[in-house]
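[1] requesting a structural model of the entry that follows:
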Amino acid sequence: MSQKKILVTGAAGFIAFHLVKSLMELNHKVVGIDNINNYYDTKLKYDRLNEVGIEKTKIKWHQEVSSIVYPNFSFVKMNLEDSNELIKLCEKEQFDYIVHLAAQAGVRYSIENPSVYIQSNLVGFGNVLEVSRIFKIKHLIYASSSSVYGMNKKIPFSIIDNVDYPISLYAATKKANELMAHTYSHLYQIPSTGLRFFTVYGPWGRPDMAYFNFSENIFKNKEILVYNNGKMKRDFTFISDIIEGILEVINTIPNYHEIQNHGVSSSLAPFRILNLGNNKPVGLLDFINALEKALGKNAIIKFAEVQKGDVLETWADLSLTQKEINYNPRVEINQGLVFFANWFKTYYKDEIEK
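    Predicted structure coming up:
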């Protein structure tokens, strides 16, 4: 992969942090941005940034901070909703590529605080599209979600499936992002790739996700809430497989080719949507069992009814993804949870030993 100048949004977040590390190992020039909001523990976000050489004490709004670990990485704290600051940064840096991973995440939180999602996921993404247009970005890669499949009954989920019925506002904003990106690709010839991630997990993960919350409660001898009596499946995808997929996508720019939807409608645009999953759904109770073994401690389980906005099963059809890029997820769930558990027990060592 030849050296590229890349803007990575959401750089203090789980996936973007791992991506930055991989891009640094490949010697690309990267600027990361993030507003470091308090949706979950900001200490974890600052600690991720510290791992890539960004010192917390030097972080100020709208000021670029250079990494003390990686000469090719710098960081700016900013809101994507602030279009003026985003334009200033892009004008200064003249990026070749944008990898947009910033978003207000979480299905359940979107039920409680819908307005936050509209600002971050719609207004913020609109600003990313605008700088992609203004500065003629060579390839825009952005995070979508398996949540867009919503009420779909057909399994596994394919990118040619209809996704018109999301069941959470979070999913609706991700579907909207795909539509917005297609319009910009069509009107302004901006090559774009949307990535539908399937339940990404691993070291430095998000505390709002079930496996992370389960681990915390297991060590605190607290009950873990298992919704729908455990009758759920997820296509858990380890972080390293996701990062390998993103790196492949960065280097394979979509061309103008016909995109067909059920033979009813089609488009000619440098645009595509890809699933990034594991293609091996795991039952929730099997997952908990594997997590218990990895942590070396048993869970206290409390069953509960299904939550609003929850999809009962996810399963990524990777056939079309593998036609576009070299993507073959390799990490099995038992192995991945051991990697996560080892990190978790080290990072939270002091709390666990109390």
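[2] for the stretch 251-354 of the chain, which segments count as helices?
    284-295, 319-324, 333-347, 349-352 (DSSP state H, counting those that start in this stretch).
[3] quick one: contacts for the residue lying closest to Asn72 once chain neighbours are set aside?
    Distances taken as Cβ to Cβ, 6 or more residues apart in numbering place Lys29 nearest to Asn72, at 4.8 Å, with adjacent residues excluded. Any C-beta I mention is one placed from the backbone N, CA and C, and that applies to glycine too. Taking Cβ atoms under 8 Å, 6 or more residues apart in numbering, we find Lys29 in contact with 3-6, 72.
[4] neighbour count added to these, as TSV?
    Below are those laid out as TSV (neighbours: other Cβ atoms under 10 Å):
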residue	neighbour count
Gln3	11
Lys4	18
Lys5	15
Ile6	23
Asn72	17
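[5] nearest to Met151 among those residues?
    Ile6 (35.9 Å; Cβ to Cβ).
[6] helix, strand or coil for that closest one?
    strand (DSSP: H, G, I helix; E, B strand; the rest coil).
[7] enumerate every residue touching it.
    Residues counted as contacts of Ile6 (Cβ under 8 Å, 6+ apart) are 23, 28-31, 95-99, 250.
[8] next: Val69.
    Contact analysis of Val69 by Cβ under 8 Å, 6+ apart lists 51-53.
[9] report the beta-bridge partner residues of the residue nearest to Asn72.
    Beta bridges link Lys29 to Lys5 when assigned by DSSP bridges.
[10] gap between it and Pro270?
    24 Å (Cβ to Cβ, to the nearest Å).
[11] and for Glu112?
    Taken as Cβ to Cβ, the span from Glu112 to Pro270 is 37 Å.
[12] which one's more surrounded, the two?
    Regarding Glu112 and Pro270, a neighbour count based on other Cβ atoms under 10 Å identifies Pro270 as having more, with 18 against 8.
[13] surely the more buried one meets Asn255?
    Yes: the pair Pro270 / Asn255 is scored as a contact, 6.1 Å apart, by Cβ atoms under 8 Å.
[14] common neighbours of these two, please.
    In contact with both Pro270 and Asn255: Pro191, using Cβ under 8 Å, 6+ apart.
[15] return the residues in contact with Ile288.
    So Ile288 contacts 214, 224, 226, 230, 299, 301 (Cβ under 8 Å, 6+ apart).
[16] so what's the fourth one closest to, chain neighbours aside?
    Across the structure, with Cβ to Cβ, 6+ apart as the measure, the residue nearest Gly230 apart from its sequence neighbours is Leu285 (4.4 Å).
[17] close enough to count as contact, the one you found and Asn228?
    No: counting by Cβ under 8 Å, Leu285 does not reach Asn228; the two are 10.9 Å apart.
[18] only the buried subset of the contacts of Ile288, as a ChimeraX command please.
    ChimeraX command restricting the contacts of Ile288 to the buried ones, with burial defined by 16 or more other Cβ atoms under 10 Å:
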select :214,224,226,299
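[19] what is the nearest of the contacts of Ile288 to Trp204?
    Nearest member of these to Trp204, counting by Cβ to Cβ, is Phe214, at 16.6 Å.
[20] kindly provide the distance from the closest one to His100.
    In terms of Cβ to Cβ, Phe214 sits 29 Å off from His100.
[21] same question for Ile218.
    From Ile218 over to His100 the distance is 34 Å, taken as Cβ to Cβ.
[22] same question for Gln94.
    Plainly put, Gln94 is 17 Å away from His100 if you go by Cβ to Cβ.
[23] and these two? Which one has more around it.
    His100 (26 against 9).
[24] how about the residue lying closest to that one once chain neighbours are set aside, phi and psi?
    Once flanking residues are discounted, His100 sits nearest to Tyr142: 4.0 Å by Cβ to Cβ, 6+ apart. Dihedral angles of Tyr142 (phi, psi; degrees, to the nearest 10) stand at phi -140, psi 150.
[25] tell me, how many residues neighbour the nearest residue to Asn328 once chain neighbours are set aside?
    Nearest residue to Asn328, sequence neighbours excluded (Cβ to Cβ, 6+ apart): Gln322, at 7.4 Å. Residues lying near Gln322 (other Cβ under 10 Å) number 14.
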